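Visitor: Return atomic coordinates for the entry below.
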Amino acid sequence: MEEFFEKFKEKLQEISFKVRTAYAKLVRRPLPKRPGEEGPSRDRGYEINLVPEVKMQMIKAQKMRNLVLFICIVVSSVAVGAVVILFGIKSGQDIAMHNQDSKLKLMSDKLNGYDEFDDLITIQDQLGRYSEILQKRAVVSRVFGALGVMLPQGSDEVKMSELKVTLDTDTINMEGQADAKVAPLIDYRVLEAFKKSVDLTKFDYGRYVDVDGKEIPTQCIVAADESGNAFRDGDSYYAWWDLKIPGCEATERSLNQSENDAEFHFSSTAEVETEEVEELKQPDVNPMNPLEPSTTEPEVVMVEKPVRVKIWRTPQFDAWYQEGYMSTDGKIDGVEHFNSECYVYSGSVLGGGGVRWSSTNDCALAPKGLTISGSSNGRDESDNLVLRFTATVQFAEEYFSFKNKHMIAIGPMGQNVTDSFMQIGSMFTQEARACEADDTECLGNSENSGGNKNGQ
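Guide: Alright, predicted model coming up:
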């Protein structure tokens, strides 16, 4: 460090000498001598160093003091600069946060000002729980399918005037009227028949599967006509697998399938409906030179394409048993079919080689039956005598659950209604009037007999 200052001093003297020399030439004065060449001057005194060692140490100490002071000044300047920068950042953050708080407050005040603010709020984590919420959904419309098979199917009538469904308990409260149309003309008999019909009503649900046992999406299955009546052939029920719906495509099951075949498959023995569609037939490739471009244009041809496949909901017992699709323990494999959650099938081989098949269904729709809470005579909208009643029935928990697909209600006479649209107008009527105080015929009626219930 000492050498640095010495050389710095020499440089300054050299610069001073050059400046003085240039000035002397300019004013035509004698040139100055170089530093170190000057002789003793009259004005310059002589310095006698009596304590040279102490003097040198003092000079070194002064230089060290100056260096330390310089370093301290530099460090202090850097520190002050850093503090200023940090203070600026902190101030900027405070200003930004204040602006955001003001913006949030403004938006909050605006949202709170909406009259329908509650309708705009999304429940926390609702989207993440969408699948769970969907599975817990209830299909209330199934109550009409149940009533469709519970109500009398003959001339006798039981109609509803009010229906209330409580999904928390799967309970149905109903008000209605019973009207006997065939002998014996006793309305209490009709109400009792309705009660027994409720006790005997069953239900069934499950999933349709392809030939590989893979579940077919619910939207691909058409199980009933436009009126809600299930497709049936004799005593057997079936559904159509619609192959034209996106995601429902299928190909016939074979051993030489490629990876590009559809995800679902149907058996070669399935009943398939087809339709003609236009398809471009590409020209044949030259086997000697496959890369050679063809000079023939693609040809439009009409081809038969499967559009829907019949799937039996009721097993074809003997046919499937003989073809090896069904065993006597009720297991079905190798054919598209319906996997029921309620029906259990079994067969016993007879002496002649035939099989006697049986089925059981333990899914009771109303295990506790129908409870009549009150009944009284009354008159309907046509002024005929009827039996007014109020009743309660509790359905099985599985019946209303959305996750249970292809639900049907099965009445005691074997009739059923699918989980689809059906006409319900005939089930309901205007509420019957209670007997008036001076209507002795209505008040004293014990059998509700008579062709038109007017005593004629």
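Visitor: buried residues in stretch 136-151?
Guide: Using 16 or more other Cβ atoms under 10 Å as the test for burial, stretch 136-151 gives Val139, Arg142, Val143, Phe144, Gly145, Ala146, Leu147, Gly148, Val149, Met150, Leu151. C-beta: built from backbone N, CA, C; applies to glycine.
Visitor: Show me those residues that map onto helices.
Guide: Per DSSP state H, helices hold the following members of the buried residues of stretch 136-151: Arg142, Val143, Phe144, Gly145, Ala146, Leu147, Gly148, Val149, Met150.
Visitor: What's the local residue count around Tyr345?
Guide: Neighbour count of Tyr345, defined by other Cβ atoms under 10 Å: 19.
Visitor: Tell me which stretches of the stretch 201-350 of the chain form helices.
Guide: Assigned by DSSP state H, counting those that start in this stretch, the helices in the stretch 201-350 of the chain fall at 317-322.
Visitor: any low-confidence regions in it?
Guide: Judged by pLDDT under 70, the stretch 201-350 of the chain has its weakly predicted residues at 254-262, 282-296.
Visitor: rerun that using 80 as the cut-off
Guide: Scanning the stretch 201-350 of the chain for pLDDT under 80 picks out 226-229, 253-262, 277-301.
Visitor: for the stretch 1-150 of the chain, what spans make up the helices?
Guide: Going by DSSP H, counting those that start in this stretch, the stretch 1-150 of the chain shows helices at 2-27, 52-112, 117-120, 130-135, 142-150.
Visitor: Same list (those) but as a markdown table, adding distance to Glu215.
Guide: Compiled in a markdown table, those are given as follows (distance: least, Cβ to Cβ, whole Å):
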| stretch | distance to Glu215 |
| --- | --- |
| helix 2-27 | 89 |
| helix 52-112 | 45 |
| helix 117-120 | 37 |
| helix 130-135 | 15 |
| helix 142-150 | 21 |
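Visitor: Go through those and name the closest to Val301.
Guide: helix 130-135 (44.3 Å; Cβ to Cβ).
Visitor: Check whether Tyr343 really touches Ser359, as I assumed.
Guide: Yes - the criterion here is Cβ atoms under 8 Å, and Tyr343 meets it with Ser359 at 5.3 Å.
Visitor: all strands for the stretch 101-250 of the chain, in order.
Guide: For the stretch 101-250 of the chain, the strands defined by DSSP state E, counting those that start in this stretch occupy 157-166, 171-179, 202-204, 206-209, 221-222, 232-233, 236-242, 250-252.
Visitor: Need the residues that contact the fourth one.
Guide: Spelled out, that is strand 206-209. Here strand 206-209 makes contact (Cβ atoms under 8 Å, 6 or more residues apart in numbering) with 215-216, 218, 221, 239, 241, 311, 313, 336-342, 405-406.
Visitor: mind redoing it with 10 Å?
Guide: With Cβ atoms under 10 Å, 6 or more residues apart in numbering as the contact definition, strand 206-209 has outside contacts at 214-218, 220-221, 223, 239, 241, 264, 311-313, 332-333, 335-343, 404-408.
Visitor: can you tell me which of the helices of the stretch 1-150 of the chain comes nearest to Ala364?
Guide: It is, among these and with distance given as Cβ to Cβ, helix 142-150, at 11.7 Å.
Visitor: and the closest one, what other elements does it pack with?
Guide: strand 157-166, strand 171-179, helix 187-200, strand 202-204, strand 385-394, helix 397-400, strand 408-410, strand 416-418 (3 or more Cβ pairs under 10 Å, 6 or more residues apart in numbering; DSSP states H and E).
Visitor: What's the mean pLDDT across that helix?
Guide: For helix 142-150, mean pLDDT is 89.
Visitor: quick one: it to strand 171-179, angle?
Guide: Orientation of helix 142-150 against strand 171-179 (axes from the mean of the first three to the mean of the last three Cα atoms, to 10 degrees) gives an angle of 40 degrees.
Visitor: Just the CA atoms of helix 142-150, as CSV, please.
Guide: Extracted in CSV, the C-alpha atoms of helix 142-150 (Å, rounded to 0.1, in the frame of the first residue of the first chain):
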residue,chain,number,x,y,z
ARG,A,142,-89.4,-43.4,-9.9
VAL,A,143,-92.3,-43.0,-7.5
PHE,A,144,-94.6,-42.9,-10.5
GLY,A,145,-93.2,-46.1,-11.9
ALA,A,146,-93.9,-47.8,-8.5
LEU,A,147,-97.4,-46.5,-8.3
GLY,A,148,-98.0,-47.6,-11.9
VAL,A,149,-97.6,-51.3,-10.9
MET,A,150,-99.1,-51.0,-7.4
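Visitor: from here on, count from 21
Guide: Taking 21 as the first residue, the last one we looked at is helix 162-170.
Visitor: Turn the buried residues of stretch 156-171 into CSV, including distance to Met322.
Guide: Shown next, in CSV, are the buried residues of stretch 156-171 (distance: Cβ to Cβ, whole Å):
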residue, distance to Met322
Val159, 42
Arg162, 43
Val163, 48
Phe164, 44
Gly165, 42
Ala166, 47
Leu167, 48
Gly168, 43
Val169, 45
Met170, 50
Leu171, 50
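Visitor: Widest-spaced pair of these?
Guide: Maximum pairwise distance among the buried residues of stretch 156-171 (Cβ to Cβ): 19.8 Å, between Val159 and Leu171.
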